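Colleague: I would like to see how this sequence folds:
(2 chains)
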Amino acid sequence: MLDIQLLRKDLAGAADRLAARGVTLDTAGFERLEAERKSIQVRTQDLQARRNQLSKQIGVARGKGEDASALMAEVGGLGDDLKAAEERLAAIQEELSGLLLSIPNLPHESVPAGQDERDNVELRRIGVPRVFAYSPLDHVAIGENLDLLDFPTAVKISTSRFVLMRGDLARMHRALVQFMLDTHTREHGYEEVYVPYLVNADSMRGTGQLPKFEDDLFKLSNGMYLIPTAEVPVTNIVRDEIIPAENLPIKLVAHTPCFRSEAGSYGKDTRGMIRQHQFDKVEMVQFVHPDRSHEALEELTGHAEAILKKLDLPYRVVALCAGDLGFSSAKTYDLEVWLPGQQTYREISSCSNFEAFQARRMQARFRDGKAKPELIHTLNGSGLAVGRTLVAVLENYQNADGSVTVPEVLRPYMGGQVSVLPE
RNA sequence: GGAGAGGUGGCAGAGUGGUCGAAUGCGCCGGAUUCGAAAUCCGGUAUAGCGCUUGCGCUAUCGGGGGUUCGAAUCCCCCCCUCUCCGCCA
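Modeller: Below you'll find the predicted structure:
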């Protein structure tokens, strides 16, 4: 959520920055609403003040045993006007807050201009894609040849966009999770947290999934939602909290499944594990002082990169252009891993600084000594998407004989196993 | 799931229709006292919004929402949460 004060002070400026990401702000509509809000609010509060004043006088008069009927008559005359004003004010404020909740974040000044993913800027490439002596298979072929990746059975049990992994593959998936969590907690200073996978609407609103993106979520009959990312429960830990400044930064990491309806992605990435309704992710979240959130974004991105480096997977870092930014983000770096089976880089992590956008929705603040509470800045990044990491390992570590070499860093997590062999 | 009790400021805890945004205690901040400290005394100590703007005034907020009333922390309805007992269960 943007600061409404900013919209009041510099509406044109905010509109310009939103235009950079392809969003048109209805400035005339906002100004009209604001003007009405102002006049109705002043009128409502004046009436309320008058009512309170008279009501107190009635109390005093009654206390003294005096006749209060004249006062009662006067306050009674306020009734209809007051009720109408209060209702109108509530309606306007609801409209205003609805508008406010639907406006995306402003891009940070360092974000490259551009309309869509084609305008994203590649910052660096790390690692060299392996040269194969044969035409490398994609993960589906590799996994199915090993008899460890089973889509038809998953469809039978559930529906499309789910997967069943067996044996060494399921084990490697688990090993990846352990490896990632251990790296972030031991080497990067994160605290591991275990969180609910079902959250309420307030939490979804806090991080920005609601009200605009309800279609992307799985909603339960009791009004709860399946989390689409650990970002939601982890970030909402600080909702409605005031954190002592000396406790910042707070760095948390969680492993959770993620559930996404993938509405609107029909026909996209239908083959394999790239786009599933359910996938696991290790997610890093940081709560930081506003002065150092952009520094923190660089660090957090480095923490995600460290996993790829340790796994020796070739990847590149891309700065999203303004038009490709997510709703809540002020700045985002995507990490894209090389997939030999597709001969392309695919997103495996997304690291974002939301600045105060989520904090304002959540009322997540910090206090420095006696100063007034101030909004914190929130960040998060995948470290990494586990399913896609498994895909990357399968494709990059495949061998001509159909086996897959276990990356060295994973071996301690797999009982020293060096490779996954066909039966 | 059944029965009961409860949700009030940073914390504890009063308040069952009227100068209650809320007693009192603790904590915290400032001052007095002291060589200094403790103790003691005095004063201050929520959040958000709005309007004039060094400050002041007003409005809202006592789990959330709705209602009754001139007036609600207090009465009514719905929901959420916590605790105790029973049932069930990993």
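Colleague: helices and strands around whichever helix or strand A:Leu89 is part of, which ones?
Modeller: Using DSSP states H and E, A:Leu89 maps to helix A:69-102. Other helices and strands packing on helix A:69-102, by 3 or more Cβ pairs under 8 Å, 6 or more residues apart in numbering; DSSP states H and E, are helix A:4-9, helix A:27-64. (C-beta placed from N, C-alpha, C; glycine too.)
Colleague: residue contacts, the nearest residue to A:Arg17 once chain neighbours are set aside?
Modeller: Spatial nearest neighbour of A:Arg17, excluding adjacent residues (Cβ to Cβ, 6 or more residues apart in numbering): A:Leu106 at 4.4 Å. Contacts for A:Leu106 (Cβ atoms under 8 Å, 6 or more residues apart in numbering) come out as A:Leu2, A:Ala14, A:Arg17, A:Leu18, A:Ala330.
Colleague: Could you identify the most distant pair in these?
Modeller: Farthest pair in those (Cβ to Cβ) is A:Ala14 and A:Ala330. Separation: 13.0 Å.
Colleague: the more surrounded of the two?
Modeller: A:Ala330 (25 against 20; other Cβ atoms under 10 Å).
Colleague: give me phi/psi at that one?
Modeller: phi -90, psi -30 (degrees, to the nearest 10).
Colleague: Tell me the confidence at it?
Modeller: Looking at A:Ala330, its pLDDT reads 96.
Colleague: How about A:Gly369?
Modeller: On the pLDDT scale, A:Gly369 is placed at 69.
Colleague: And for A:Met224?
Modeller: Looking at A:Met224, the pLDDT reads 88.
Colleague: And the residue of the stretch 51-200 of chain A that's closest to RNA strand B?
Modeller: A:Gly59 (3.1 Å; Cβ to the nearest atom of the strand).
Colleague: ok so, going back, now the element after the helix holding A:Leu89, going C-ward?
Modeller: Taking DSSP H and E, what comes next after helix A:69-102 is strand A:121-126.
Colleague: Nearest spatial neighbour of A:Val163, chain-adjacent residues omitted?
Modeller: A:Ala154 is the one closest to A:Val163 (Cβ to Cβ, 6+ apart), at 5.0 Å.
Colleague: which residues are contacting the helix or strand containing the one you found?
Modeller: Element membership of A:Ala154, judged by DSSP H and E, is helix A:151-157. Applying Cβ under 8 Å, 6+ apart, the external contacts of helix A:151-157 come out as A:Val140, A:Phe162, A:Val163, A:Leu164.
Colleague: Looking at the backbone only, give me phi and psi for the second one.
Modeller: Okay, so that is A:Phe162. Dihedral angles (degrees, to the nearest 10) for A:Phe162: phi -130, psi 160.
Colleague: Below-threshold pLDDT in the stretch 251-400 of chain A: ranges please.
Modeller: Within the stretch 251-400 of chain A, the segments meeting pLDDT under 70 span A:369-370.
Colleague: Now render the helices and strands packed on helix A:69-102 as JSON lines, adding mean neighbour count and mean pLDDT.
Modeller: Below are the helices and strands packed on helix A:69-102 laid out as JSON lines (neighbours: other Cβ atoms under 10 Å; pLDDT from 0 to 100):
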{"stretch": "helix A:4-9", "mean neighbour count": "14", "mean pLDDT": "88"}
{"stretch": "helix A:27-64", "mean neighbour count": "14", "mean pLDDT": "88"}
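Colleague: Which among those is found nearest to A:Gly341?
Modeller: helix A:4-9 (46.4 Å).
Colleague: packing partners for that closest one?
Modeller: Going by 3+ Cβ pairs under 8 Å, 6+ apart, helix A:4-9 lies up against helix A:27-64, helix A:69-102.
Colleague: how does it look with 10 Å?
Modeller: Packed against helix A:4-9 by the contact rule (3 or more Cβ pairs under 10 Å, 6 or more residues apart in numbering; DSSP states H and E) you find helix A:11-19, helix A:27-64, helix A:69-102.
Colleague: how close does the residue nearest to A:Trp338 when sequence neighbours are not counted get to RNA strand B?
Modeller: Take A:Trp338 and drop its neighbours on the chain: the residue closest to it by Cβ to Cβ, 6+ apart is A:Pro314, 4.0 Å away. Separation of A:Pro314 from RNA strand B (Cβ to the nearest atom of the strand, to the nearest Å): 41 Å.
Colleague: Phi and psi next, for A:Pro314.
Modeller: phi -70, psi 140.
Colleague: Can you tell me which residues in chain A are near RNA strand B?
Modeller: Within chain A, the residues that sit near RNA strand B (Cβ under 7 Å from any atom of the strand) are A:4-5, A:8, A:38, A:41-42, A:44-46, A:48-49, A:51-56, A:58-60, A:62-63, A:72, A:75-76, A:79, A:370, A:372-373.
Colleague: was I right about the residue nearest to A:Trp338 contacting A:Tyr345?
Modeller: Yes. Applying Cβ atoms under 10 Å, one finds A:Pro314 in contact with A:Tyr345, separated by 8.4 Å.
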